[in-house]
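A.B. asks: Build the 3D model from these lines:
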Amino acid sequence: MVLNNDVEKEALSRNALQEVAMSAIYDALTYMSMGEAIDVEAILSSLSDCEYEDVDPYLKATMISTIRNYETIKSVFNANMRKWTFDRLNRVVASILLLSYVHFFYVEPDVDKKVVINIAVKLAKTYADEKDYKFVNGILDNVLVRED
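C.D. replies: Residues are numbered from 1 along each chain as shown. I've put the predicted structure just below:
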């Protein structure tokens, strides 16, 4: 694919950042499930293939906000799920939901809800089970609501 303009290049890099962020959150959830300390620098450096100082600020902000606000975010999702809990979700879906929530509320508070949900649905269609994207779409539609 030949990129014709800066907008296409930026969109491509943003999509790649979303995938790396989802993977980083997935790794953090894995550490948490094992009761291990989360080494943010090691995870992000490894996934970005660069020194931590050179890791994209979006990735750092997403990862740190997810870890700092994990319990609060988890309780929001739990309050919006019927007959299900956040802890029962598969780790890929949980990572996508956390990424979306953090992106919307903490990292880019001016981002459009539809953009965040679209990204999440694409990630779910690519990395999760066949029908998980519908769950991701529905739960995010209920949870990503700003009180103005």
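
A.B. asks: Let me see the backbone angles for the closest residue in space to Val143 that isn't next to it in sequence.
C.D. replies: Closest residue to Val143 apart from its sequence neighbours, by C-beta to C-beta, 6 or more residues apart in numbering: Asn80 at 5.3 Å. C-betas here are computed from N, CA, C, even on glycine. As for Asn80, its main-chain torsions (degrees, to the nearest 10) stand at phi -110, psi 10.

A.B. asks: Asn80 contacts Asp141, doesn't it?
C.D. replies: No - when contacts are counted by C-beta atoms under 8 Å, Asn80 is not listed as touching Asp141 (9.8 Å).

A.B. asks: If you count surrounding residues, which of these two has more?
C.D. replies: Neighbour totals were compared for Asn80 and Asp141, and Asn80 leads with 16 against 13 (other C-beta atoms under 10 Å).

A.B. asks: and that one, what pLDDT?
C.D. replies: Model confidence at Asn80, given as pLDDT, is 94.

A.B. asks: Find the centremost residue of this protein, please.
C.D. replies: Among the residues of the chain, the one closest to the centroid is Leu99, at 1.7 Å (C-alpha atoms, centre = their mean).

A.B. asks: Quick one: residues contacting that residue.
C.D. replies: Neighbour list for Leu99: Gln18, Ala21, Met22, Ile25, Thr62, Thr66, Ala120, Leu123 [criterion: C-beta atoms under 8 Å, 6 or more residues apart in numbering].
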